[in-house]
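Chemist: Okay, structure incoming, though there's no sequence with it:
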């Protein structure tokens, strides 16, 4: 499994940060590795969706669970990626820390490329967090 971690401190209160990061439909705006999102069903704070990722335009199924103003957990359930991505929010006075953690591997024959892809996901995660920060602080 590849473990990836990145974080950023945003000059904004938790509520404002949550409003941006919990808008799952806007994920492709910030996360360049996510090309499109198609929500299939919603049950309370749990969303089942199909995403298309930039890696060979692969489709992946996810179950995303929103823990309001605390974290977002996206479990990959089918496709080229196995594992999870978690976004954790920590209020720090008038600021908020956003932390992204991945624990994933590529499935099947693609597993041998997990190490190579890890660098791209690390870079993409850092870029996404910076884009989110810039959007919120505008």
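Modeler: Thanks, I have it. All values derive from a computational prediction rather than experimental measurement.
Chemist: mind listing what's buried in the longest helix seen in the chain?
Modeler: For the chain, the helix reaching the highest residue count under DSSP state H is reported as helix 114-137. Neighbour-count burial for helix 114-137, with 16 or more other C-beta atoms under 10 Å as criterion, is recorded at 114, 117-118, 121-122, 124-125, 128-129, 132-133, 136. C-beta coordinates here come from the backbone N, C-alpha and C atoms, glycine included.
Chemist: can you pull out the strands in the chain?
Modeler: Listed in chain order, the strands found in the chain under DSSP state E are 2-10, 34-43, 46-53, 59-67, 71-78, 81-92, 95-106.
Chemist: Can you tell me the strand partners of the third one and which way each runs?
Modeler: Sheet pairing here is set by DSSP bridges, and for strand 46-53 it gives strand 34-43 (antiparallel), strand 59-67 (antiparallel).
Chemist: report the angle between the axes of the shortest one and strand 71-78?
Modeler: What it means is strand 59-67. Relative orientation of strand 59-67 and strand 71-78, computed by axes from the mean of the first three to the mean of the last three C-alpha atoms, to 10 degrees: 150 degrees.
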